[in-house]
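# predicted coordinates and the sequence they were generated for:
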Amino acid sequence: MVDCLNTIQTLESCGVRFISITQGLDTDQQNPASRFLLHVLGAAAEFERSLNSRAVSAGMRAAKKAGKPVGRPRRIFNRDEVHELRRKAWR
């Protein structure tokens with residue numbers, strides 16, 4: 001959300017007004033309530049991201065401690081299999 005706020009500020013500096021119809025947000029300088037809501041949502045998003053980051057780190061530590069593999073399984077690219085599948089598709 002911090003990136004979103006920075007992007008909105010950049011747009012405003014270029015004379016672009018951001019309006020989100022579905023969320024009821026308007027960054028008009030004349031509407032302090034909408035700008036306040038935008039910043040509150042940004043703070044809540046940053047807080048949630050921080051919580052998620054901590055949870056992921058704790059999960060990875062627990063998995064490592066339990067001897068489980070961490071991360072996505074590695075995919076092995078088999079060029080011969082690709083050629084065979086392509087050959088079958090063009091029949």
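That came through fine.
# so where's this protein uncertain?
1-2 (pLDDT under 70).
# so which strand or helix has residue 11?
In this structure, residue 11 sits in helix 2-13 according to DSSP states H and E.
# just checking: what are the partner strands of the next helix or strand after that helix?
Past helix 2-13, further along toward the C-terminus, the next helix or strand under DSSP H and E is strand 19-20. Taking DSSP bridges as the criterion, strand 19-20 forms sheet pairs with strand 25-26 (antiparallel).
# picking that back up, identify the residues contacting the helix holding residue 11?
17-18, 27, 38-39, 42, 45-46 (CB atoms under 8 Å, 6 or more residues apart in numbering). (Each C-beta comes from the backbone N, C-alpha and C, glycine too.)
# same thing but 6 Å
18, 27, 42 (CB atoms under 6 Å, 6 or more residues apart in numbering).
# residue 18 is in contact with the second one, correct?
Yep, that's residue 27 we're talking about. Yes. Between residue 27 and residue 18 there is a contact under CB atoms under 6 Å: 4.5 Å.
# element containing residue 47?
helix 32-65.
# tell me what that helix is packed against?
Judged by 3 or more CB pairs under 6 Å, 6 or more residues apart in numbering; DSSP states H and E, helix 32-65 is in contact with strand 25-26.
# just how off-centre is the strand it packs on within its chain?
Centre-to-centre, strand 25-26 and its host chain are 21 Å apart (CA atoms, centre = their mean, to the nearest Å).
# in three-state terms, label residue 73 for me.
Here residue 73 is coil, with the state taken from DSSP: H, G, I helix; E, B strand; the rest coil.
# tally up the residues packed near it, please.
6 (other CB atoms under 10 Å).
# quick check: phi and psi at it.
The phi and psi torsions at residue 73 (degrees, to the nearest 10) take the values phi -70, psi 150.
# contacting residues for it?
With CB under 6 Å, 6+ apart, residue 73 has no contacts at all.
# would you mind measuring from it to residue 27?
43 Å (CB to CB, to the nearest Å).
# for the helix holding residue 11, buried residues please.
Under the neighbour-count criterion of 16 or more other CB atoms under 10 Å, helix 2-13 has 5, 8 buried.
# just stretch 31-45 next, same as before
Counting neighbours by 16+ other CB under 10 Å, stretch 31-45 gives 34-35, 38, 42 as buried.
# good, we can wrap up now.
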